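[1] Provided below for reference: sequence and predicted model.
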Amino acid sequence: MTSRPHVPTFDASVVDAVLDEALRLRRIGISIIPVAQNKRPSIKWKSFQSSPADESQVRDWFDKRDDLGLGIILGGISGNIVVRDFDIRDAWQRWAGEYPKLEKLLPAVETSRGRRHVYARISDCPALNYEDGELRAKGQYVVCPPSVHPSGKRYFWLRGFNSLPDVPTLTLEQSGFGRCWLESGEHTVTDRTESTSVRSARSVLSVTDSSLIEATLPHAFGTRRRRLFELARRVRVDPQMQDVPIRELRPLVEQWHQLALPFIRTKCFDESWADFVEAFNNVDLARCGDAAADAMAAADAMELPPEAMRFLSPVNRRLVALCAELGSRSADGVFYLSCRKAATVLGVANHMAVARSLQMLVADGVLIEVIKGGPNTNKASRFRWKGNR
């Protein structure tokens, strides 16, 4: 008997649960966004930090989608809500022991493997990183129930809230959120995807949506090695990461790999670690101050993108690879590139030939010309990469 192919089923109950919670939070003054199963926003979400989505937009996001979770944008747009993320159960228990009244009062979520999110309202609160987790605040978001953690466990409220006044307004000192709750020398963790070594490496970096890891995650299949090169480049050029031995970066790459799994076909971490090590050793620091030259070096170290294979000329293929790399480094795929700069990094003497090639890429739909530059404007043209990022 021939087996039938598996057809994913649509779970209307999941849609209803997420949509109902999204609408409930929206109505009490919380700015929310949809998140994918890897905990990353499934939309461009910057605008919702200053203006929350209306109800019709929320319905459009979640209606008939059972693969999306829910995120809360933190800070002033949501009534100054912040979240203390305890990655280690012992740290949370120590905080709760010292602040028993707050432990019984503040909204809290269980995420996975004993981890806790504890909510409060703190005005003008900074985002902070600790060995036992982090304090998430303005400019960041947090995944909330009834979303599903990448481990497969569903987030759920240990203690919820029905209105913003239900969430106490505190100072950072009153909340106990302004310190690490690990004892000196203690390094026990409950989740290998966020180890202490990762925290020590990331403690010098901004843990926002544009953080080191999140900014370099792949957006589509076929870009794993390219994005790993970008991760290696960013680590190498960060002055505060200069003295971190490469072996201590392994947990950082492990976390990158874990979050990248939905968009990569190479599931074995060993391959990603080997590619990162190779890229790390090949980053040309002398060229990193020049965005186009650095992008060209990265592109030359990778396989050509599929779009490049439309063209026969090696120069045009490298030009496509250059544009793909520049586009991948921008959140919206938009980048500046003059024909003279492109000619320089391509090693081509005739910059007008490169200008014609750029227009050819626009005509073929590989690029969109957002703003036309040139000698009359004294500015480089602005393009948007349309290919598979």
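    Done, it's in.
[2] alpha carbons only for contacts and neighbour counts from here, please
    Will do.
[3] Just the element for residue 117, please.
    strand 116-121 (DSSP states H and E).
[4] any idea which helix or strand comes after that strand?
    Using DSSP H and E, the first helix or strand after strand 116-121 is strand 128-130.
[5] Okay, now the sheet partners of that following strand, with direction.
    The pairing partners recorded for strand 128-130 under DSSP bridges are strand 133-136 (antiparallel).
[6] next one: the partner strand to chain centre, how far?
    The chain centroid and the centroid of strand 133-136 are separated by 16 Å, computed with C-alpha atoms, centre = their mean, to the nearest Å.
[7] what's downstream of it, the next helix or strand?
    strand 141-144.
[8] And that following strand, how far out from the chain middle?
    On C-alpha atoms, centre = their mean, the centre of strand 141-144 falls 13 Å from the chain's centre.
[9] now stretch 271-288
    Between the centre of stretch 271-288 and the centre of its chain there are 20 Å (C-alpha atoms, centre = their mean).
[10] who's in contact with it?
    With C-alpha atoms under 8 Å, 6 or more residues apart in numbering as the test, stretch 271-288 has contacts from 225, 228-229, 231-233, 236-237, 246, 250, 253-254, 257, 266, 293-294, 297-298.
[11] Then residue 16 would be within a helix, right?
    Yes: with DSSP: H, G, I helix; E, B strand; the rest coil as the criterion, residue 16 is part of a helix.
[12] returning to what we had before: which ones among the contacts of stretch 271-288 are found in helices?
    Mapping these onto helices (DSSP state H) picks out 225, 228-229, 231-233, 236-237, 250, 253-254, 257, 293-294, 297-298.
[13] quick one: which two of those residues are the most distant?
    254 and 293 (28.4 Å; C-alpha to C-alpha).
[14] what are the ranges of the helices in the stretch 51-200 of the chain?
    55-62, 89-98, 100-105, 172-175, 196-202 (DSSP state H, counting those that start in this stretch).
[15] Could you dump these into a markdown table and include mean neighbour count?
    Formatted as a markdown table, those follow (neighbours: other C-alpha atoms under 10 Å):
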| stretch | mean neighbour count |
| --- | --- |
| helix 55-62 | 15 |
| helix 89-98 | 17 |
| helix 100-105 | 14 |
| helix 172-175 | 15 |
| helix 196-202 | 19 |
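[16] hey, least reliable of those by pLDDT?
    Per-stretch mean pLDDT for these is lowest at helix 196-202 (a mean of 40).
[17] so where is the stretch 151-300 of the chain shaky, pLDDT-wise?
    The stretch 151-300 of the chain contains residues with pLDDT under 70 at 184-211, 238-244, 284-290.
[18] Tell me where it has strands.
    156-159 (DSSP state E, counting those that start in this stretch).
[19] coming back round to it: with distance to residue 366 added, can I get the helices of the stretch 51-200 of the chain in TSV?
    As requested, the helices of the stretch 51-200 of the chain are arranged in TSV below (distance: least, C-alpha to C-alpha, whole Å):
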stretch	distance to residue 366
helix 55-62	28
helix 89-98	49
helix 100-105	54
helix 172-175	49
helix 196-202	35
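[20] and residue 181, which of those is closest to it?
    helix 89-98 (4.8 Å).
[21] So what angle separates the directions of the closest one and strand 116-121?
    On the basis of axes from the mean of the first three to the mean of the last three C-alpha atoms, to 10 degrees, helix 89-98 is oriented at 40 degrees to strand 116-121.
[22] ok now helix 89-98, how far from the chain's centre?
    For helix 89-98, the distance to the chain centre is 29 Å (C-alpha atoms, centre = their mean).
[23] neighbouring contacts of that helix?
    For helix 89-98, using C-alpha under 8 Å, 6+ apart, the contacting residues are 86, 102-103, 114-116, 132, 176, 180-182, 190.
[24] Out of those residues, which two are the most distant from each other?
    Pairwise over those, using C-alpha to C-alpha, the maximum falls at 102 and 190, 23.7 Å.
[25] hang on, the earlier thing: in terms of distance to residue 347, which of the contacts of helix 89-98 ranks first?
    Distance to residue 347, by C-alpha to C-alpha, is smallest for residue 132 among these, at 49.2 Å.
[26] Pull up the gap between that closest one and residue 115, please.
    For residue 132, the distance to residue 115 equals 10 Å [C-alpha to C-alpha, to the nearest Å].
[27] and for these two, which residues touch both?
    In contact with both residue 132 and residue 115: 86-88, using C-alpha under 8 Å, 6+ apart.
[28] Among these, which are located in strands?
    residue 86 (DSSP state E).
[29] Among the shared contacts of residue 132 and residue 115, which one lies nearest to residue 212?
    Checking the shared contacts of residue 132 and residue 115 one by one against residue 212 (C-alpha to C-alpha), the nearest turns out to be residue 87, at 19.1 Å.
[30] where does the closest one sit relative to residue 130, distance-wise?
    In terms of C-alpha to C-alpha, residue 87 sits 10 Å off from residue 130.
[31] Over to residue 40?
    From residue 40 to residue 130 the distance is 21 Å (C-alpha to C-alpha).
[32] In contact with residue 78: list those residues for me.
    29-31, 72.
[33] Many thanks, I have nothing further to ask.
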